[in-house]
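Trainee: this one's sequence-less:
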């Protein structure tokens, strides 16, 4: 049975703060929240459209160098972009691929971007990014519907 909520994080755990998405998923998954499925991968791909089927809402989670706060949250809209034909897609392109494949609107979706500082190969998670991870988890527990 498909859980109504999907939380999908991506990133490369071998690249310092790029591990924020997978670490976020690891932490949420360990809570065993009812009605919540957690997935992680190195990047978003067209195959992830199938993971959106049967969902009531979706939270995409990724590390970012560009957000000015510890984390930011935006509501996503399906949109075709240049990533649509590549191996790594944006969340908006995944939502558009869902629309194209299913011939209906994708589930409501948000992007949680967690600010990181160091993304070098072999670098550990920075202390600042770890703090941002903790703050974003507090927000996410408010976002997840009544458990």
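Mentor: Received the coordinates, thanks. Being a predicted model, the structure only gives us computed values, none of them experimental.
Trainee: Surely residue 106 is in contact with residue 98?
Mentor: Yes - counting by C-beta atoms under 8 Å, residue 98 is a contact partner of residue 106 at 4.1 Å. (Each C-beta comes from the backbone N, C-alpha and C, glycine too.)
Trainee: joint contacts of those two?
Mentor: Here residue 106 and residue 98 share the contacting residues 52, 78, scored by C-beta atoms under 8 Å, 6 or more residues apart in numbering.
Trainee: Give me the below-cutoff pLDDT ranges for the chain.
Mentor: Applying pLDDT under 70 to the chain picks out residues 82-87, 146-147.
Trainee: Could you report the separation of the residue of the chain positioned farthest from its centre from residue 91?
Mentor: For the chain, the largest distance from the centre (C-alpha atoms, centre = their mean) belongs to residue 103, which lies 23.3 Å off. Taking C-beta to C-beta, to the nearest Å as the measure, residue 103 falls 20 Å from residue 91.
Trainee: name the element residue 38 belongs to?
Mentor: Residue 38 belongs to strand 36-41 when assigned by DSSP states H and E.
Trainee: next SSE after that strand?
Mentor: Counting by DSSP H and E, the next helix or strand C-terminal to strand 36-41 is strand 57-64.
Trainee: Name the strands paired with that next one and say parallel or antiparallel.
Mentor: With DSSP bridges as the test, strand 57-64 is paired with strand 5-10 (parallel), strand 109-115 (parallel).
Trainee: so what does the helix or strand that the shortest one is followed by touch, helix or strand wise?
Mentor: Scanning forward in sequence from strand 5-10 by DSSP H and E, the next helix or strand is helix 20-30. Taking 3 or more C-beta pairs under 8 Å, 6 or more residues apart in numbering; DSSP states H and E as contact, the helices and strands that helix 20-30 lies on are strand 5-10, strand 36-41, strand 57-64, strand 109-115, helix 127-143.
Trainee: With that, I have no additional questions.
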